[in-house]
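1. here is the input, now give the coordinates:
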Amino acid sequence: MDQDTRPREPRRATPDRTPADTSQSAPLRIRKRDQKARSTRSSALAYLDKLLNNFTPTSQTAPIPVTGPLFDRCLSLVQALGDPDNPGHIQAAEELVTLGSNALPALVSALHHDNPWLMSYRAAEVLGEIGDRQATQPLIDALNHPNSNVRWSVVRSLSVVGNTRALIALRRIARDDRSKTTWGESIAGVAQSAIDQMQTVNITVKVIELLKTAVSTIILLLALVLAYNVFDRVRGEISNVGVDTAPVPTVSQEEAVAPPTDNTEPTPTVIATQSALGDIPGIIINPGNVRSQPAIQANNVIGQVVIDDEIFYLATTPDRSWFKIKLGSKRSATSSIGSPDGSGWINMALVVAPAVELPIEDMQIPTRVPAKTATPEPELTPTLDPAAPAEGTPEATAEGGVVATEIPPLPPEESPTPTP
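-> Have a look, this model is predicted:
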């Protein structure tokens, strides 16, 4: 609780009384005190009824009792606040703060302008120390109290328990209220100080809320990343459950070293293929032959292609020097492939190699043995003999046989150079 710096009112000097006068005035003082208590209680109940009729609860809180022994105790403590002669005047504020929200009805009733200003002043102080925001609206209403000292105490309490409505009311006081307390302090100045304090608290609260939101967002993102990693790992483990590894074909040592058989028909060996490979189109750029094997031989020509014929690539050799094709619909009338499946091999010089990967077929081509050429014997130049018979006439021998004249052999025929 802030230190009370207000000047103390001088106690009224009481004339000397004789014991008889004191004994006669004691019952009168008791009656006056009882009447004052009843008046205070009736005004407090009336004011509480008014507040309860205009009050709209914003949260589910336990109702504060306005009757019973606890409420009566709070009223007696509030009366002690405004009576310096009461023995419980000093401890009344501390006990009311200890009671907390249970003391709100009695303290709110003490803010009424019909009560002594000192009671309203101290009641506003205690409400600020309790710090219950349910007292905000009664304190805002008390800003219209006719006593400047009470308004000063109300402003200080609103700086602690006030909300946005209190901030608006304090701005009005800082702008319009030009009064001062009995000890010379400006009400407008105190109101401006309260506004600055509330704004600072609001900014701090907003920064803290932003930090909390940022930390919560980071934690949420980390949790999402962790959950995704766990989910991905579990999905991978589930996908591996019950999957049998395909057996790898094994080759025996005898099969690995066995010599290749000499077959007249080549057996294509597929080295690598692409799954789900569609027809890859192409165009003939140079005319040439279509062959049954990826090799230039005199007896493997099975068709012809010309420029601008449409083709489709089927496979290639490991070195991509030959391509297995079939003809498309856009082709010349002279173009054809005479194989059962309509496919054949062309040299890479006839087309532009496709940019995509093609299935590879390694054709085992039989080794071609070069043809043997006969060495021509030297030509004999016959000598003309008058007694000799004519050329081509068989010569008679003594035994009556016929000797044929030797005819020189013809030179060997040059083998034609095959075209691609």
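2. take the helix or strand containing A80, keep the C-alpha atoms, and write them as PDB.
-> In this structure, A80 sits in helix 69-81 according to DSSP states H and E. Provided in PDB are the C-alpha atoms of helix 69-81 (Å, rounded to 0.1, in the frame of the first residue of the first chain):
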ATOM      1  CA  PRO A  69     -22.000 -12.500   9.100                       C
ATOM      2  CA  LEU A  70     -19.200 -12.000   6.600                       C
ATOM      3  CA  PHE A  71     -21.000  -9.100   4.900                       C
ATOM      4  CA  ASP A  72     -21.700  -7.600   8.400                       C
ATOM      5  CA  ARG A  73     -18.100  -7.900   9.300                       C
ATOM      6  CA  CYS A  74     -17.000  -6.200   6.100                       C
ATOM      7  CA  LEU A  75     -19.400  -3.300   6.800                       C
ATOM      8  CA  SER A  76     -18.000  -2.800  10.200                       C
ATOM      9  CA  LEU A  77     -14.500  -2.700   8.800                       C
ATOM     10  CA  VAL A  78     -15.500  -0.200   6.200                       C
ATOM     11  CA  GLN A  79     -17.000   2.000   8.900                       C
ATOM     12  CA  ALA A  80     -13.800   1.800  10.800                       C
ATOM     13  CA  LEU A  81     -11.900   3.000   7.700                       C
END
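3. buried ones in the helix or strand that that helix is followed by?
-> Where DSSP H and E defines the elements, the next helix or strand beyond helix 69-81 is helix 89-99. Under the neighbour-count criterion of 16 or more other CB atoms under 10 Å, helix 89-99 has 89, 92-93, 96-97, 99 buried. Backbone N, C-alpha and C define where each C-beta goes, glycine included.
4. just stretch 204-219 next, same as before
-> Applying 16+ other CB under 10 Å to stretch 204-219 flags no residue as buried.
5. who touches the closest residue to L111 other than its chain neighbours in this structure?
-> Excluding its sequence neighbours, the residue lying closest to L111 (CB to CB, 6 or more residues apart in numbering) is A142, at 4.4 Å. The contact partners of A142, by CB atoms under 8 Å, 6 or more residues apart in numbering, come to 111, 120, 124, 150-151, 154.
6. do the same with W152
-> Contacts of W152 by CB under 8 Å, 6+ apart are 181, 185, 187, 190.
7. which among the residues you listed end up buried?
-> Buried among those by 16+ other CB under 10 Å: 181, 187, 190.
8. for those, give me CSV that also has secondary structure and distance to D308.
-> Below are the buried ones among the contacts of W152 laid out as CSV (DSSP: H, G, I helix; E, B strand; the rest coil; distance: CB to CB, whole Å):
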residue, secondary structure, distance to D308
T181, coil, 109
I187, helix, 103
V190, helix, 100
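9. just those now: which is nearest V305?
-> Nearest to V305 out of the buried ones among the contacts of W152 is V190 (CB to CB; 105.2 Å).
10. thought the closest one was touching R156?
-> Yes - the criterion here is CB atoms under 8 Å, and V190 meets it with R156 at 6.5 Å.
11. number of residues surrounding F312?
-> Neighbourhood size, F312 [other CB atoms under 10 Å]: 15.
12. how close does it sit to L358?
-> Going from F312 to L358 by CB to CB, to the nearest Å gives 11 Å.
13. overlap of the contact sets of those two?
-> Taking CB under 8 Å, 6+ apart as the contact rule, F312 and L358 both touch I280.
14. that older thread, the buried residues of helix 89-99: which two are farthest apart?
-> Using CB to CB, the buried residues of helix 89-99 span at most 16.6 Å, a distance reached by H89 and L99.
15. for G303, give the beta-bridge partners.
-> Beta-bridge partners of G303, counted by DSSP bridges, are V290, I337.
16. quick check: the gap between it and L350.
-> 12 Å.
17. re the thing from before, what average pLDDT does the helix holding A80 get?
-> Per-residue pLDDT values over helix 69-81 give a mean of 86.
18. domain assignment for the protein?
-> The chain resolves into domains spanning 31-197, 267-363 when parsed by automatic domain parsing.
19. closest one to E237 among those domains?
-> domain 267-363 (26.8 Å).
20. just name the most buried of the domains of the chain.
-> The highest mean neighbour count among the domains of the chain, using mean count of other CB atoms under 10 Å, belongs to domain 31-197: a mean of 17.
21. low pLDDT regions in the stretch 1-150 of the chain?
-> 1-25, 37-38, 40-67 (pLDDT under 70).
22. ok, 90 please
-> 1-104, 106, 109-110, 112-116, 128, 131-136 (pLDDT under 90).
23. got it, and the stretch 151-300 of the chain?
-> Using pLDDT under 90, the stretch 151-300 of the chain drops low at 159-169, 177, 193-212, 231-280, 292-293, 295-300.
24. measure the residue nearest to A106 when sequence neighbours are not counted to R133 for me?
-> Distances taken as CB to CB, 6+ apart place C74 nearest to A106, at 3.6 Å, with adjacent residues excluded. Distance, C74 to R133, by CB to CB: 19 Å.
25. can you tell me how far P340 sits from F312?
-> For P340, the distance to F312 - CB to CB - is 17 Å.
26. host element of G344?
-> Going by DSSP H and E, G344 is in strand 343-347.
27. give me the contact list for that strand.
-> With CB under 8 Å, 6+ apart, strand 343-347 has contacts from 284, 288-294, 296, 302-303, 305, 311, 314, 321-326, 337, 420.
28. sorry, back to before: from the contact counts, what lies against the helix holding A80?
-> Packing partners of helix 69-81 (3 or more CB pairs under 8 Å, 6 or more residues apart in numbering; DSSP states H and E): helix 19-54, helix 89-99, helix 104-110, helix 117-130.
29. now do it against helix 117-130: the angle between them, please.
-> 120 degrees (axes from the mean of the first three to the mean of the last three CA atoms, to 10 degrees).
30. just the strands from the protein, written as ranges.
-> Applying DSSP state E to the chain gives strands spanning 268-272, 280-283, 288-291, 301-305, 310-316, 322-327, 336-337, 343-347, 360-363, 395-396, 402-403.
31. for the fifth one, what does the pLDDT average out to?
-> Okay, so that is strand 310-316. Strand 310-316 comes out with an average pLDDT of 92.
32. just want the angle from it to strand 301-305.
-> Interaxial angle, strand 310-316 versus strand 301-305 (the same axes, to 10 degrees): 140 degrees.
33. that'll do, ta.
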